[in-house]
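Asks: Predicted model and sequence follow; I will ask about them next.
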Amino acid sequence: MVSVSRYVMPEVWLSYGPGHSILDIKSENLGTVFEADSKPISEERLDEMLSNISGTLVILQNTPAVRQAISHIHSMCEQRSSPFPAILSDKYMIPSLKEGLPEGCRVDSFQGTDSPDTNMIFVSEIMPDGLFGYESACTRLLRRFGEDMMLKAYNRRVADTPSPNGNTPSYQIAQKFADNFEIQSIDILGWQGGIEDLHVGHPASSEIRQLASRRIQQGAHRFSTVVGSVGDVFAGSTLSGSLSSLWNVWSSLKSKGRAILLAECGMGLGSEALRQYIDGRLTLEYLRQPSQYVYGMEELLFLESINHTIDITLVSALPKMYESPLKMKFARMSQQVINDIVKNSPRHKITIIPDAARISLGEYSSRDGGTDNG
């Protein structure tokens, strides 16, 4: 959200953890603010899409859009006096998930299984992803149940740099993996305000990628400085969950540009690969020729690759001791970062992406030329 006063000092409100960070940026320094052009889905459309849901809801992600879908199913069951589907989620997610659901919704822990059961309906939001192009139910199923196939998907990556929103061989591997199971998914095109659209059916459906492509803001963009907020409390709770937002910011920058990402990371690093790397148990050499997949290893590979092309500042609560091994600058105050930029370059333009987890500024756009916007 951007608020402009008569004294031409716009206030930019960006999500940070459960709250907001407010940036004061002079009009001459404020570039484009890329907001999602999203319209809430109609109640009639939700009724139509969710009316035949029958089975156990397995919640893979906790976002406003996911909670809206669950609440709508609950409401329809109440109106029909029919039993509400059982809900399962990872144990760590249960307290925050229940806070956003109607009273009486019970959420139980999703215990580890070798494969999904046929009565399971996997619920998550579609988001850009550096390895698969898009993260959807089928890619999350592969990550959870297909460790051996994850190594194949990793080795079939488009490049050692992230490829958000691309049509990737890795995503095709995830589709083929999901096609082995007689299950359903609810894949949601969401935004901070809830649901824009959704797909209900088999998670390997090609319609999911078509839905996801609506989130790309087309055009060739080459910015000097981009400030992005993860825009999603769930994703921004860990560094691992936040890095997809960094890939989206990176794709909009020209070479040697500056990325500033607001991600609180209150729950720490997130992935096993990041933890092993920080502890010295995983090397960059292993990332290029791995014999076994370690959860999140593509994040390290991508981070190492883009560190050579852009300057990264992370505004977060992570300890400063992570700064050197991850080769990123860490900051506690986003306003101070902005002040330092404009102090050294008074006419510098700063581009803003308030919901960087969901918004992508075109496919490989910053590597294909285009106008220099700042």
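Replies: That came in fine, so what should we check first?
Asks: And what about the nearest residue to T309 once chain neighbours are set aside, helix, strand or coil?
Replies: Distances taken as Cβ to Cβ, 6 or more residues apart in numbering place S255 nearest to T309, at 5.5 Å, with adjacent residues excluded. C-beta: built from backbone N, CA, C; applies to glycine. Classification of S255 using DSSP: H, G, I helix; E, B strand; the rest coil returns strand.
Asks: Can you report how many residues lie near S75?
Replies: Residues within reach of S75, counting by other Cβ atoms under 10 Å, total 16.
Asks: could you measure it against L314, distance?
Replies: The gap separating S75 from L314 is 40 Å, by Cβ to Cβ, to the nearest Å.
Asks: and the helix or strand where E196 lies, how far from the chain's centre?
Replies: Element membership of E196, judged by DSSP states H and E, is strand 194-201. On the basis of Cα atoms, centre = their mean, to the nearest Å, strand 194-201 sits 16 Å off its chain's mean C-alpha point.
Asks: Stretch 173-191 too?
Replies: Centroid separation between stretch 173-191 and its chain, computed with Cα atoms, centre = their mean, is 17 Å.
Asks: what's the span of it, first residue to last?
Replies: Terminal residues of stretch 173-191 are spaced 27 Å apart (Cα to Cα, to the nearest Å).
Asks: buried ones in that stretch?
Replies: The neighbour-count check on stretch 173-191 (16 or more other Cβ atoms under 10 Å) flags 173-175, 177-178, 181, 183-191 as buried.
Asks: Longest helix of the chain, counting residues only.
Replies: helix 64-80 (DSSP state H).
Asks: now what about that one, what contacts it?
Replies: Here helix 64-80 makes contact (Cβ atoms under 8 Å, 6 or more residues apart in numbering) with 46-47, 50-51, 53, 57, 59, 83-85, 87, 97, 100-102, 105, 123-125, 186, 188-196, 198.
Asks: Buried members of those into ChimeraX, please.
Replies: Buried residues within the contacts of helix 64-80, by 16+ other Cβ under 10 Å, are selected in ChimeraX with:
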select :46,50,53,57,59,84,85,87,97,101,105,123,124,125,186,188,189,190,191,192,194,195,196,198
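Asks: quick one: low-confidence parts of the stretch 201-350 of the chain?
Replies: 215-221 (pLDDT under 70).
Asks: rewinding a little: what are the buried residues along the longest helix of the chain?
Replies: Residues of helix 64-80 classed as buried by neighbour count (16+ other Cβ under 10 Å): P64, A65, V66, R67, Q68, A69, I70, H72, I73, H74, S75, M76.
Asks: Closest to K329 out of the residues you listed?
Replies: Within those, distances to K329 taken as Cβ to Cβ reach their minimum at P64, with 30.7 Å.
Asks: Distance-wise, check that closest one relative to L97.
Replies: Noted for P64: a distance of 12 Å to L97, by Cβ to Cβ.
Asks: The closest residue in space to F110 that isn't next to it in sequence: what's it in contact with?
Replies: Leaving out its chain neighbours, the residue that sits closest to F110 by Cβ to Cβ, 6+ apart is L88, at 3.9 Å. The neighbourhood of L88, defined by Cβ under 8 Å, 6+ apart, consists of T56, L57, V58, I59, V107, D108, S109, F110.
Asks: Please work out which residues outside the strand holding E196 touch it.
Replies: Under the contact criterion Cβ under 8 Å, 6+ apart, strand 194-201 has outside partners 38-41, 45-46, 49-50, 53, 64-65, 68-69, 184-190, 205, 207-208, 211, 214.
Asks: That one versus helix 64-80: what angle between them?
Replies: Orientation check (axes from the mean of the first three to the mean of the last three Cα atoms, to 10 degrees): strand 194-201 against helix 64-80 gives 70 degrees.
Asks: all helices of this structure, in order?
Replies: Using DSSP H, helices in the chain cover 43-50, 64-80, 94-99, 137-145, 147-155, 169-178, 207-212, 239-250, 272-278, 284-288, 297-306, 323-326, 334-344.
Asks: nearest to T351, of those?
Replies: Minimum separation from T351 across the helices of the chain (Cβ to Cβ) falls at helix 239-250, 9.1 Å.
Asks: got the buried residues for that closest one?
Replies: L239, S240, G241, S242, L243, S244, S245, L246, W247, N248, V249, W250.
Asks: Same check on stretch 30-47?
Replies: Buried, per 16+ other Cβ under 10 Å, within stretch 30-47: L30, G31, T32, V33, F34, E35, A36, S38, I41, L46.
Asks: Repeat that for stretch 280-300.
Replies: Quick answer for stretch 280-300 (16+ other Cβ under 10 Å): L282, Y286, L287, P290, Y293, V294, Y295, G296, M297, E298, E299, L300.
Asks: Am I right that the fourth one is in contact with K152?
Replies: No: P290 sits out of contact with K152 when judged by Cβ atoms under 8 Å, with a separation of 11.2 Å.
Asks: can you redo the buried residues of stretch 30-47 as TSV with distance to L142 and pLDDT?
Replies: Conversion of the buried residues of stretch 30-47 to TSV gives the following (distance: Cβ to Cβ, whole Å; pLDDT from 0 to 100):
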residue	distance to L142	pLDDT
L30	41	90
G31	38	88
T32	35	86
V33	35	89
F34	30	86
E35	32	81
A36	27	73
S38	27	75
I41	27	90
L46	28	93
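Asks: check contacts around the residue sitting furthest away from the middle of the chain.
Replies: Going by Cα atoms, centre = their mean, the residue of the chain most distant from its centre is S81, 36.2 Å out. Contact analysis of S81 by Cβ under 8 Å, 6+ apart lists nothing.
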